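1. what's the 3D shape of this:
(one chain, ligands or ions: 1)
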Amino acid sequence: MENILSIDVEDWFHLMEHPSLPGPSEWGKLPSRVEANFADLLGILHDHNITGTCFFLGWIARKFPHLVKMASKAGFEIASHGMYHRPVYKQLPSEFLDDVATSRKICEDIIGIAVTGYRAPAFSITERTPWAFEKLIEAGYGFDTSIFPAKRDYGGFYVETLSPFIQQTKSGSIMEFPISITKILNRPFCFFGGGYFRLFPYPLIRKMALKVLNENRPLIFYIHPRDIDPEQPRYNLGTFRNFKSYVNLKSTERKLRRFLNDFRFTSYREWYKNNKERFINDEERSESR
Ligand SMILES: [Zn+2]
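-> So this is what the prediction gives:
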């Protein structure tokens, strides 16, 4: 089965919420590393002949439109990661609508191609934000991939099915692609993105990836440009978060290359094109309701 690869395109200082971290008004003064890191990451993917979906932070897309163009030209699907990396549950529904509509328009204006995908910062669409899907539909999105079906600091959302599904709302429907988790002793764990991917040893990641595929689900993998940058400046976020934010930065590129050798990946757009029949039953069920 083909799997889905995603990149959340943001800089080294776009970590979540800590008193030591700079706010959006200070971001412009910091030395940026995203251009070099993103080019390195696309280079690694190019070596393995793999594309995927790039979720651009709107702030990054506006400041570095050439990165959006470069990714689109290289065959990547362009999607949105919102404007300012604020957790969804800290926004009013009206603020969220404005945030996701603006970030979508910025990307569309750069590439001249419809942008239909969204991922919330730190997977922060949760049970506390049932309105988020409706707002995404109102803003013109066709799919979301913000649900993290396991316990997590900023996200975590219980869903019945771990496979991609169609989310119905009173404003219409939207495709949802929950991040891949797998259960160990009936408890959900993630091995396939960001800090989890950096933390766990490759043989375990590979074993768990095969387990997901055996359950007839695609792997939904995510990475950030900073995940392969051992030289990035570091904030002091406390022992636990320092570990989580910076563990194994040096060895992640090597691990990523092994992962890309062992599994096939594509974008959300391409995956959906090739797997439409998986959703026919979902649609029939909703129509007969
Ligand atoms: Zn992010």
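
2. could you pull out the strands for the stretch 101-250 of the chain?
-> 117-118, 143-144, 165-169, 172-176, 182-184, 187-189, 220-223 (DSSP state E, counting those that start in this stretch).

3. dump those strands to a markdown table, plus distance to the ion.
-> C-beta here means a position set from N, CA and C on the backbone, and glycine is covered the same way. Converted to a markdown table, the strands of the stretch 101-250 of the chain look like this (distance: least, CB to the ion, whole Å):
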| stretch | distance to the ion |
| --- | --- |
| strand 117-118 | 12 |
| strand 143-144 | 14 |
| strand 165-169 | 21 |
| strand 172-176 | 18 |
| strand 182-184 | 23 |
| strand 187-189 | 20 |
| strand 220-223 | 9 |
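
4. closest one to residue 44 among those strands?
-> strand 220-223 (9.8 Å; CB to CB).

5. chain center to that closest one, what's the gap?
-> 6 Å (CA atoms, centre = their mean, to the nearest Å).

6. export only the CA atoms of it, formatted as CSV.
-> Output in CSV follows, covering the C-alpha atoms of strand 220-223 (Å, rounded to 0.1, in the frame of the first residue of the first chain):
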residue,chain,number,x,y,z
ILE,A,220,0.4,8.9,7.7
PHE,A,221,3.8,10.3,8.5
TYR,A,222,4.8,13.9,9.4
ILE,A,223,8.1,15.7,9.8
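
7. which helix or strand contains the closest residue to residue 271 other than its chain neighbours?
-> Leaving aside its sequence neighbours, residue 271 sits nearest to residue 4 (CB to CB, 6 or more residues apart in numbering; 5.1 Å). Using DSSP states H and E, residue 4 falls within strand 3-9.

8. okay, now the sheet partners of that strand, with direction.
-> Taking DSSP bridges as the criterion, strand 3-9 forms sheet pairs with strand 53-56 (parallel), strand 220-223 (parallel), strand 265-266 (parallel).

9. flag the shaky bits of the stretch 151-289 of the chain, pLDDT-wise.
-> The stretch 151-289 of the chain contains residues with pLDDT under 70 at 152-155, 281-289.

10. need the helices for it, in chain order.
-> Secondary structure of the stretch 151-289 of the chain by DSSP state H, counting those that start in this stretch: the helices cover 194-199, 202-214, 239-246, 252-262, 268-274, 280-287.

11. how far off centre is the second one?
-> Per CA atoms, centre = their mean, the displacement of helix 202-214 from the mean C-alpha position of its chain is 19 Å.

12. quick one: contacts of it?
-> Residues outside helix 202-214 that contact it (CB atoms under 8 Å, 6 or more residues apart in numbering) are 1, 3, 180, 182, 189, 191-192, 197, 218-219, 255, 258-259, 262-263.

13. determine which two of these are furthest apart.
-> 1 and 255, at 21.2 Å, using CB to CB across the contacts of helix 202-214.

14. neighbour-wise, which of those two wins?
-> Comparing residue 1 with residue 255 by other CB atoms under 10 Å, the one with more neighbours is residue 255, at 19 against 14.

15. which one is that one nearest to, not counting chain neighbours?
-> For residue 255, the closest residue by CB to CB, 6+ apart turns out to be residue 202, at 5.1 Å.

16. tell me how many other residues surround that neighbour.
-> Neighbourhood size, residue 202 [other CB under 10 Å]: 15.

17. any idea how far the ion is from it?
-> Applying CB to the ion, to the nearest Å, the value for residue 202 to the ion is 24 Å.

18. list, one by one, the residues from this structure near the ion.
-> For the chain, the contact set with the ion under CB under 5 Å from the ion comprises 8, 10, 121.

19. now distance to residue 37 too, for the helices of the stretch 151-289 of the chain, in TSV please.
-> Below are those laid out as TSV (distance: least, CB to CB, whole Å):
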stretch	distance to residue 37
helix 194-199	14
helix 202-214	21
helix 239-246	14
helix 252-262	11
helix 268-274	22
helix 280-287	38
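
20. tell me which of the ones you listed lies nearest to residue 172.
-> helix 280-287 (10.6 Å).

21. what bridges to the residue nearest to residue 271?
-> On the basis of DSSP bridges, residue 4 is bridged to residue 220, residue 266.

22. how about residue 182?
-> residue 189.

23. contact partners for it?
-> 188, 189, 191, 208, 211, 212, 215.

24. and for residue 193, the neighbour number?
-> Other residues lying near residue 193 total 21 when counted by other CB under 10 Å.

25. I should have written residue 18 there, sorry.
-> Burial of residue 18 is recorded as 12 neighbouring residues (other CB under 10 Å).

26. could you do residue 19 as well?
-> Counted with other CB under 10 Å, residues neighbouring residue 19 total 5.
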